[in-house]
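# got a sequence here, can you model it:
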Amino acid sequence: MNKFSRRFFTLLVLFFFIAPVFAVNTLALGNSLDAVSKEKTAIVYLQKMQKAYTEKNYEILYVTSLQSEVEPMQLLHGVIDGEGLTYIRYLNGAIRESLQSSSQISYFEQGNQPYTLATNVDRSVFAKITHFNYKAGLNSYSYVVVGKGRIAGKRALVIHLISKDPYSYSYMIWLDLKSSLPLRLDTITNRNLLIEREEVVSLFVTEDVNPWLMKISQKRLPQLVHINKTKSKSLWKLNWLPPGFKIIKSDQHKLDSNDNKSVSYLMLSNGIVRVSVYISAIKSATGKEKIIQHGSTLIYTLKQGRREVTIIGEIPIQNAQRIVQSISREKPWHKKPV
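I've put the predicted structure just below:
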């Protein structure tokens, strides 16, 4: 695997010194199309991208840029016996790797015992744009074919996903015209500020599954960790949801088996991003906000009265604040007398 790392860092040097690769305004715009034609064309290309991402065998070396932080990573994807398998590793610092199938993901971290969790949520770099229902998403986003450019030496088509409301981010997607695989994803605020970028610097598509990926797929995986949580219905509800979002999970459970305290948990999603809302009881509150922004991911905490609310997700701050303001206690259910 060392040859991949050497190749990556050579390309990374070029990546930072070729400014036009980063610049949206250097795109060569093609013939103008009306809005409806652009939207239909965009959906066709986006659906091809989804199919390629899950069905092809490929290796990508990419970087994730969050403010001043740049994280280089490697991803191998292969389809083995009809099932997709994805291997991801961080290329800097302590060894961190993961191996994911359609039903579980295994983590391998330096200094920690490896473990496996059951999940059907794709954790890979471009997962949020490759599992989205773009036809249904027309209620929340407009799709515009912006033009063409070059990413990692490959001709790319650029598609802009524009949020129709101020409560969600917009996205700029570059996809390879030859393989249809995603090459770059920019997360953009409603003021057109770039807050996060994930960009491929090397892409190799192969007919066969990578031999090393095939080899590790045959090894015994770490033991599956079962997370047993006693759950009941959430004690709280949301009276407002951002446009396009739905509640996909709601319960009341203990975070720690040794802790008697329980927390209400709500998960929202618009198909692209997921937002977690935690509500717990406290003795007293100061009312102060705590805001941590890491790229597009927000961790927002507010203490109100005798409750503490924490929201985690890729949403703007005004979105989180309005969600908190909409929280109210669920009315207790009483059985009607016979």
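# all contacts plus neighbour counts: C-alpha atoms, from now on.
OK.
# sec struct for Asn120, please.
coil (DSSP: H, G, I helix; E, B strand; the rest coil).
# now Ala136: how far from Ile248?
Distance, Ala136 to Ile248, using Cα to Cα, to the nearest Å: 16 Å.
# revised request: answer the last question for Arg184.
28 Å.
# the more surrounded of the two?
Remark: of Arg184 and Ile248, Arg184 carries more neighbours, 25 against 12, as counted by other Cα atoms under 10 Å.
# how about the helices in the stretch 51-200 of the chain?
127-130 (DSSP state H, counting those that start in this stretch).
# now the strands for it?
57-66, 69-80, 83-90, 96-100, 104-109, 115-118, 141-151, 154-163, 170-176, 182-188, 194-206 (DSSP state E, counting those that start in this stretch).
# which one, of these, ends up nearest to Met214?
Met214 lies closest to strand 69-80 among these, at 7.6 Å (Cα to Cα).
# what does the closest one rub up against?
The contact list for strand 69-80 (Cα atoms under 8 Å, 6 or more residues apart in numbering) reads 55-65, 84-92, 209-210, 213-214.
# swap the cut-off to 7 Å and go again
55-65, 84-92, 209-210 (Cα atoms under 7 Å, 6 or more residues apart in numbering).
# do the same with stretch 271-285
By Cα under 7 Å, 6+ apart, stretch 271-285 touches 128-129, 132, 262-269, 303-314.
# ok, now with 6 Å
For stretch 271-285, the surrounding residues in contact (Cα atoms under 6 Å, 6 or more residues apart in numbering) are 128, 132, 263-268, 303-313.
# do stretch 41-49 as well
Against stretch 41-49 from outside (Cα under 6 Å, 6+ apart): Val145, Ser180, Leu181.
# average pLDDT for that stretch?
Per-residue pLDDT values over stretch 41-49 give a mean of 95.
# centroid residue for this structure?
The centroid of the chain falls nearest to Lys128 when counting by Cα atoms, centre = their mean (4.6 Å).
# give me the nearest residue to that residue, chain neighbours excluded.
Ile272 (4.9 Å; Cα to Cα, 6 or more residues apart in numbering).
# where does Val324 land in three-state SS?
helix.
# how close does the closest residue to it other than its chain neighbours get to Ser232?
Once flanking residues are discounted, Val324 sits nearest to Val309: 7.1 Å by Cα to Cα, 6+ apart. According to Cα to Cα, Val309 and Ser232 sit 19 Å apart.
# same check, this time on Gln325
24 Å.
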